[in-house]
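# Any chance you could fold what I've pasted below:
(chains A and B)
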Amino acid sequence: MRLYSTLTRRLEELPPAPGPIRMYFCGPTVYQRAHIGNARPFVLGMWLRAWLRDRGYEVTLVHNITDINDKIYEAAPGASAELAARAARWYLDDIGDLGLGLPDELPQATQYVPQIVAFIEQLVDRGAAYAAGGDVYFAVESDPGYGRLSGQRVDQMEPEERSSLKRAPEDFALWKATKPGEDTSWESPWGPGRPGWHIECSVMAEEAFGPVFEIHGGGLDLVFPHHENELAQSHALGHGFAEIWTHNGLLTFGGEKMSKSLGNDVSIRNVVDTWGREVVLLFFLSGHWRKPIEFTDATLQQAKAQAEGFRNVFRSPSEPGGDWSALEAALDDDFNTPEALAAMHGWRDRELLRRGLSLFGLGSLAEREEAPAELTALAAARQRAREAKDFAEADRLRDEIAAAGWEVRDAAGGFELVPSPLQPDVGGSTADVSSS
RNA sequence: GGCGCCUUGGCCGAGUGGUUAGGCACAGGUCUGCAAAACCUGGUACACCGGUUCGACUCCGGUAGGCGCCUCCA
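Numbering: from 1, shown residues only, chains lettered A, B, ... in the order given. The predicted model follows:
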């Protein structure tokens, strides 16, 4: 099993099973309903965990929730703690509804402030950080390897407005003194305040795993500065930190990165309600994890058609054939889900296909839905009408069944009722972009 | 200015130095009372310009266009 690592810019072989494989995937900052782009690292992490476990690994997935951040203060002045708690619950509900289960741990920054303070104190003791006016900053100059992950060079970065407290513009905050209007703060050796974003993740990851772990994941937009800074912080204490860095491609909408700040985001909630969880998962499955994917009605529609195609396999007799090793080869080679999907499209062996789909939380496509008794009665009546060659009546009954959202399909010696794929749940519009 | 990524047939999307990716849509056919589903068949693609090579969509260089990051961001 190998995965592409941002750190080395090439494919890295994982240690042999059973590992262990410890994975830390960055989650969202919670201050409103998370958008569908936020779901990608979560989905990828859960799929990777499932696959590695299938391959005999001992895997632990930790997925954090950032509930201390400037954004939260801005979004709810004076009531940020309540908002963060509420939005964290939304996020848990939303990812839960994707039907993939939950990560092994879901740490929140607010639970780790004492550990964060202790970590910062060590950095200060080592001379890698300095206090200034109630803030504490990381001294980037102290890390000769800074830029190892992103390739950014401090001397080439765009000029930034100088903070009077920082010694150098590239230094970043580990601890921020509390400001007027902020409704949460914690005590520290430097006075009341709150942790900076990057240190939260360094600490939560190390609290879960210790100073070294195998995989750190997150969106491509986190490479710099967030992950670069995490790495610098932990290296400053002599910790190896993450060995393989996986960064998923971003979701675009209208050709641009989907993001709250651009206002072109569509919530997970909205997409799951509109299209259903299986379609969302198939949508993610159809693109390689490292590449961007464009969120459009057309691509969702295609994912929906694929879901229907898989359901139809389970409405037909199982036919032996198909090669599990094709799926293994695809997934072991940088977790190539589009290729795995292509392999599964060739399978008519129900058990094999069910096993493959289940890896991705799509085992439900194998389940058949019972029609309501009254529709079964109508279908039976239609069957009798056909036998009596009363085709006008048969067609009328078929229309009546269709109006109820079901489709009659003639089967050998009888009929089958399936929920109409044209009806009704899936209007399929992404027009309702959140406006706030 | 710096760092990195991308450009495949109507659409989505893998991949490889010489072999049909796959899916969606579409068209024709088989089946059907007619449909639906299923199955069969069909379109021969790799931004542009050079180079390397017996041979490049696949390697190298350049051009154009697009995207991400350098500020909160999955």
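# Tell me where the stretch 101-250 of chain A has helices.
For the stretch 101-250 of chain A, applying DSSP state H, counting those that start in this stretch gives helices covering A:113-125, A:197-209, A:228-236.
# Quick check: which of the ones you listed is nearest to residue A:30?
The closest of these to residue A:30 is helix A:197-209. By Cβ to Cβ, the value is 12.6 Å. C-beta: built from backbone N, CA, C; applies to glycine.
# Packing partners of the closest one?
Secondary structure elements in contact with helix A:197-209, counted by 3 or more Cβ pairs under 8 Å, 6 or more residues apart in numbering; DSSP states H and E, are strand A:21-25, strand A:59-63, helix A:113-125, strand A:172-177, helix A:228-236, strand A:241-248.
# In chain A, where is pLDDT below threshold?
Along chain A, segments meeting pLDDT under 70 span A:159-164, A:422-436.
# tell me the residue furthest from the middle of it?
residue A:388 (55.0 Å; Cα atoms, centre = their mean).
# and the gap between that residue and residue A:381?
In this view, residue A:388 and residue A:381 are 11 Å apart by Cβ to Cβ, to the nearest Å.
# what do you get for residue A:302?
36 Å.
# can you check residue A:286 too?
As for residue A:286, its distance to residue A:381 is 41 Å (criterion: Cβ to Cβ).
# same question, residue A:202
68 Å.
# between those two, who's got more neighbours?
residue A:202 (28 against 16; other Cβ atoms under 10 Å).
# Assess the claim that the more buried one and residue A:122 are in contact.
No. Look at residue A:202 against residue A:122 with Cβ atoms under 8 Å: they stay out of range, at 11.1 Å.
# rewinding a little: I'd like the helices and strands packed on helix A:197-209 as TSV, with distance to residue A:72 and mean neighbour count appended.
Formatted as TSV, these follow (distance: least, Cβ to Cβ, whole Å; neighbours: other Cβ atoms under 10 Å):
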stretch	distance to residue A:72	mean neighbour count
strand A:21-25	20	26
strand A:59-63	18	23
helix A:113-125	15	18
strand A:172-177	13	23
helix A:228-236	19	24
strand A:241-248	24	23
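# contacting residues for residue A:234?
Residue A:234 makes contacts with A:202, A:206, A:211, A:240-241, as judged by Cβ atoms under 8 Å, 6 or more residues apart in numbering.
# what's the answer for residue A:137, then?
So residue A:137 contacts A:129-130, A:165-167, A:171-174 (Cβ under 8 Å, 6+ apart).
# at 6 Å what do you get?
Residue A:137 is in contact with A:166, A:171, A:173, counting by Cβ atoms under 6 Å, 6 or more residues apart in numbering.
# Could you count how many residues lie near the second one?
I take that to be residue A:171. Neighbour count of residue A:171, defined by other Cβ under 10 Å: 19.
# now it, nearest residue through space, not along the chain?
Once flanking residues are discounted, residue A:171 sits nearest to residue A:137: 4.3 Å by Cβ to Cβ, 6 or more residues apart in numbering.
# who's that neighbour bridged to?
As for beta bridges, residue A:137 partners with residue A:130, residue A:173 under DSSP bridges.
# Please report how far whatever residue of the stretch 51-200 of chain A ends up closest to RNA strand B lies from residue A:122.
As assessed by Cβ to the nearest atom of the strand, RNA strand B sits closest to residue A:151 within the stretch 51-200 of chain A, at 2.7 Å. Taking Cβ to Cβ as the measure, residue A:151 falls 28 Å from residue A:122.
# swap in residue A:139?
Counting by Cβ to Cβ - residue A:139 and residue A:122 are separated by 14 Å.
# Which positions in the stretch 51-200 of chain A make contact with RNA strand B?
Residues of the stretch 51-200 of chain A lying close to RNA strand B (Cβ under 7 Å from any atom of the strand) are A:66, A:69-71, A:150-153, A:156-158, A:160, A:172, A:197.
# do that again at 10 Å, thanks
Proximity of the stretch 51-200 of chain A to RNA strand B, by Cβ under 10 Å from any atom of the strand, involves residues A:63-66, A:69-72, A:74, A:91, A:147, A:149-161, A:169-170, A:172-173, A:196-198, A:200.
# Quick one, which of the residues you listed are buried?
A:63-66, A:69-72, A:91, A:147, A:149-150, A:170, A:172-173, A:196-198, A:200 (16 or more other Cβ atoms under 10 Å).
# what about residue A:220, how many residues close to it?
Neighbours of residue A:220 (other Cβ under 10 Å): 17.
# Leaving out chain neighbours, which residue sits closest to it?
residue A:247 is the one closest to residue A:220 (Cβ to Cβ, 6+ apart), at 4.5 Å.
# Looking at strand pairing, list the partners for the one you found.
residue A:218.
# show me the contacts for it.
A:6, A:220, A:223.
# swap in residue A:385?
Taking Cβ under 6 Å, 6+ apart as the test, what residue A:385 contacts is A:393-394.
# Recalculate using a threshold of 7 Å.
A:393-394, A:397 (Cβ atoms under 7 Å, 6 or more residues apart in numbering).
# for residue A:71, same thing?
Contacts here follow Cβ under 7 Å, 6+ apart; on that basis residue A:71 touches A:29, A:31.
# which SS class is it?
helix (DSSP: H, G, I helix; E, B strand; the rest coil).
# And it, how far from residue A:80?
The gap separating residue A:71 from residue A:80 is 9 Å, by Cβ to Cβ.
# Same question for residue A:169.
28 Å.
# Kindly report the same for residue A:120.
22 Å.
# can you check residue A:307 too?
For residue A:307 relative to residue A:80 (Cβ to Cβ), the value is 39 Å.
# Equivalent analysis for residue A:266, please.
Using Cβ to Cβ, we find residue A:266 at a distance of 25 Å from residue A:80.
# Which residue ranges make up each domain of chain A?
When chain A is parsed with automatic domain parsing, its domains come out as A:2-253, A:276-366, A:373-419.
# Need those in TSV (columns: distance to residue A:270).
Output for the domains of chain A, formatted as TSV (distance: least, Cβ to Cβ, whole Å):
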stretch	distance to residue A:270
domain A:2-253	8
domain A:276-366	11
domain A:373-419	22
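# Which among these is found nearest to residue A:262?
For residue A:262, the closest of the domains of chain A is domain A:2-253, at 8.7 Å, according to Cβ to Cβ.
# residues in contact with stretch A:350-366?
A:47, A:50-51, A:54, A:98-100, A:278, A:281, A:285, A:307, A:310-311, A:313-314, A:318, A:322, A:324, A:327, A:344, A:347.
# what do you get if the cut-off is 6 Å, keeping everything else the same?
With Cβ under 6 Å, 6+ apart, stretch A:350-366 has contacts from A:47, A:50, A:99-100, A:278, A:281, A:285, A:310-311, A:313-314, A:318, A:322, A:327, A:344, A:347.
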